[in-house]
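**Q** Need a 3D model of the sequence below.
(chains A, B, C and D, ligands or ions: 4)
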Number of protein chains: 2
Amino acid sequence: MKIGELARATDTKVETIRYYEGAGLLAPPARTDGNYRSYGTDELLRLSFIRRARDLGFSLDEVRELLALADDRDQPCGAVDAVASSHLATIERKIADLSQMRDELARVIGGCRLGKVGDCKIIQTLEPLRGASRR
Amino acid sequence: MKIGELARATDTKVETIRYYEGAGLLAPPARTDGNYRSYGTDELLRLSFIRRARDLGFSLDEVRELLALADDRDQPCGAVDAVASSHLATIERKIADLSQMRDELARVIGGCRLGKVGDCKIIQTLEPLRGASRR
DNA sequence: GCTTGACCCTATAGTTGCTAGAGGGTGCAT
DNA sequence: ATGCACCCTCTAGCAACTATAGGGTCAAGC
Ligand SMILES: [Zn+2]
Ligand SMILES: [Zn+2]
Ligand SMILES: [Zn+2]
Ligand SMILES: [Zn+2]
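**A** Ligands and ions are numbered 1, 2, ... in the order given. Got it, this is the predicted structure:
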């Protein structure tokens, strides 16, 4: 199949597929006489793998690692688990950071009485030495 | 004060301060005879504002907007509230997305029995079609 | 008065993961 | 032969920095 078909089949943009090839996630495929990339089922499977991993938030480096690990089917899967678990920890850290941001931001916004800018709690919070609330 | 002092006072890297200047968040400051940037209290306050806004996750575009709004102290603060509220909504969307990722990833990892890669639930989840019909 | 070292300067490229464009070639139908 | 959808390579752009390279400045110590 041509790159456009592969793109439709995997819900990926054509440019992204070419980008993955340049990034070493997909091997350079066979070419037609007209120099078009020509893909088969293997590439479809590999790209599906990549897309699913990306949907789970894995970085391209992690995806590369997972792809390499997936090829050694008889090895123990501890390394796979390690990549996934450390990624999960990263996501949880991000959620924690964002939740703290959300709480603080919501608190600040809650203080706004929709008056003048000079009296706005949001602005005062951002202006440390001129306004009220310090932390 | 020189840029290094300002950097220490605001917990910002020197390069970041210069970057903010190039990005139009800080005006080009006065220079010494030796062509060193020379900052005063105004710049310290402005950079503190920027850092606090960044800590709350505002984009540089949003910070620019907030800085502009903060200057018109007699205007109503509705626009400030709008920027902050829409940013809060963005953060909440991010948290929701990441939480879904976390749940799915945790579920997948929970299925791993630490056997061989070929039997690993993590790998199988990423390889949608291979579980049934391989090659 | 000369060197050392901490600090400063500009300009440019790298990071992540794509996305968009320019400027062209291919393949098929009308 | 002409239009059109699709493909090609190469380059630049996005956010928000960060990190070099290759210099200049300034005060202290010998
Ligand atoms: Zn990760
Ligand atoms: Zn307000
Ligand atoms: Zn925002
Ligand atoms: Zn496993």
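**Q** Compute the number of surrounding residues for the residue of chain A found nearest DNA strand D.
**A** Nearest to DNA strand D in chain A, going by Cβ to the nearest atom of the strand, is residue A:4, at a distance of 2.5 Å. Any C-beta I mention is one placed from the backbone N, CA and C, and that applies to glycine too. Around residue A:4 there are 12 other residues, counting by other Cβ atoms under 10 Å in any protein chain shown.
**Q** Then residue A:128?
**A** For residue A:128, the tally of surrounding residues (other Cβ under 10 Å) stands at 17.
**Q** about what we covered before: what helix or strand is the residue of chain A closest to DNA strand D on?
**A** When elements are defined using DSSP states H and E, residue A:4 is found to belong to helix A:3-10.
**Q** Could you pull out the buried residues of that helix?
**A** Using 16 or more other Cβ atoms under 10 Å in any protein chain shown as the burial criterion, the residues of helix A:3-10 that qualify are A:3, A:6, A:7, A:10.
**Q** Stretch A:53-67 now?
**A** A:53, A:54, A:56, A:57, A:58, A:62, A:63, A:64, A:65, A:66, A:67.
**Q** Tell me which two in the residues you listed are the farthest apart.
**A** Greatest spatial distance among those (Cβ to Cβ): A:57 and A:67, at 16.0 Å.
**Q** from the buried residues of stretch A:53-67, which single one is nearest residue B:82?
**A** Closest to residue B:82 out of these is residue A:57 (30.3 Å), distances taken as Cβ to Cβ.
**Q** Skip the chain neighbours and tell me the closest residue to that closest one.
**A** Excluding its sequence neighbours, the residue lying closest to residue A:57 (Cβ to Cβ, 6 or more residues apart in numbering or on different chains) is residue B:101, at 4.9 Å.
**Q** How far away from the center of its chain is stretch A:87-107?
**A** Relative to the mean C-alpha coordinate of its chain, stretch A:87-107 is positioned 16 Å out (Cα atoms, centre = their mean, to the nearest Å).
**Q** helix/strand/coil for the residue nearest to the spatial centre of chain A?
**A** The centroid of chain A falls nearest to residue A:57 when counting by Cα atoms, centre = their mean (4.2 Å). Classification of residue A:57 using DSSP: H, G, I helix; E, B strand; the rest coil returns coil.
**Q** Hmm, residue A:89 and it touching each other?
**A** No - contact between residue A:57 and residue A:89 fails when scored by Cβ atoms under 8 Å: they sit 11.8 Å apart.
**Q** roughly how far apart are the residue in chain A that ligand 4 sits nearest to and residue B:60?
**A** The minimum distance from chain A to ligand 4, using Cβ to the ion, falls at residue A:77 (3.3 Å). The spacing between residue A:77 and residue B:60, counted by Cβ to Cβ, to the nearest Å, is 43 Å.
**Q** Residue A:29 too?
**A** Using Cβ to Cβ, we find residue A:29 at a distance of 40 Å from residue B:60.
**Q** A helix includes residue A:112, no?
**A** No - going by three-state DSSP, the assignment for residue A:112 is coil, not a helix.
**Q** wait, what's in contact with it?
**A** A:120, A:121, A:122, B:77, B:80, B:81, B:84 (Cβ atoms under 8 Å, 6 or more residues apart in numbering or on different chains).
**Q** For whichever residue of chain A sits closest to ligand 3, list the residues it contacts.
**A** Here chain A gets closest to ligand 3 at one residue, residue A:105, 9.7 Å apart by Cβ to the ion. In this structure, residue A:105 makes contact with B:56, B:57, B:84, B:87, B:88, B:91, judged by Cβ under 8 Å, 6+ apart.
**Q** and the angle for the helix or strand containing the fourth one with helix A:78-110?
**A** Element membership for residue B:87 (DSSP H and E) is helix B:78-110. If you take axes from the mean of the first three to the mean of the last three Cα atoms, to 10 degrees, helix B:78-110 sits at 160 degrees to helix A:78-110.
**Q** I figured residue A:123 hits residue B:69, correct?
**A** Yes - Residue A:123 sits in contact with residue B:69 when judged by Cβ under 8 Å, with a separation of 7.5 Å.
**Q** Torsion angles phi and psi at the residue of chain A found nearest DNA strand C?
**A** As assessed by Cβ to the nearest atom of the strand, DNA strand C sits closest to residue A:34 within chain A, at 2.3 Å. Here is the backbone geometry of residue A:34 (degrees, to the nearest 10): phi -80, psi 10.
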